[in-house]
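> Give me coordinates for this.
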Amino acid sequence: MIGKKYLIIDESTLEAVEKRLISIKSIIVLFVSIFIINLTLLFIVSSREVIYVSGEKSITIVSHDRFSKEELKAYIDKLNIIFPDIVYKQAILETNNFQSSIFIENNNLFGMKIAINRPTTSIGVNKDHAVYENWRQSVIDYALFQTSYARNITNEEDYYNFLKNYAEDSLYVYKLKQIKSK
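Presented below is the predicted three-dimensional model:
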């Protein structure tokens, strides 16, 4: 009987009014709303970890995870980010060796602005930079950035050339090359 039409008589006007027993649109809206509410509650209640699935890899994000340089390097590798040494140097430069307020307040390792034309993991903006729930979300957003704009770059020199437009600093690439990877 779901969605079947029927007529009722309005007693005040004596006119026939067409009704549906339960509209399909209402059922869809109800199920979608319940799904979104459950997903939101699951995310809020499960403050310990969130699982992202990307292709054949699953990535566990532990929200109480403390930042360390070693964890950052391992996570960059786990996400298969291209040119991981350069990307790690970017994190060092962009965060002033992991001391900048953009990193500390925004969990933003790469000085990323809010993405407009690509998917992002950012949850807001602070000091004109993207804000992330945790530092790992910042790394995921950088992976999304690479996937959107740098997926065809095959060598380090081309990647450095690509990064000339990444920052406003005209010496950005020079500064990156001066950083020693440890």
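> least trustworthy helix or strand in this protein by mean pLDDT?
Across the helices and strands of the chain, mean confidence by mean pLDDT, DSSP states H and E is lowest for strand 49-54: a mean of 46.
> element containing Val125?
strand 124-126 (DSSP states H and E).
> where does that strand sit relative to the chain's centre, distance-wise?
Strand 124-126 has its average C-alpha position 13 Å from the chain's average C-alpha position, going by CA atoms, centre = their mean, to the nearest Å.
> and what of stretch 94-103?
How far stretch 94-103 lies from its chain's middle: 20 Å, per CA atoms, centre = their mean.
> for stretch 118-128, same thing?
8 Å.
> Can you list the buried residues in it?
Thr120, Thr121, Ser122 (16 or more other CB atoms under 10 Å). Using the backbone N, CA and C atoms, a C-beta is placed for each residue, glycine as well.
> With stretch 85-96 instead?
Neighbour counts over stretch 85-96 (16+ other CB under 10 Å) mark Ile86, Val87, Tyr88, Lys89, Gln90, Ala91, Ile92, Leu93, Glu94, Thr95 as buried.
> Cross these against helices and list the overlap.
Using DSSP state H, the members of the buried residues of stretch 85-96 that fall in helices are Ile86, Val87, Tyr88, Lys89, Gln90, Ala91, Ile92, Leu93, Glu94.
> All set now, cheers.
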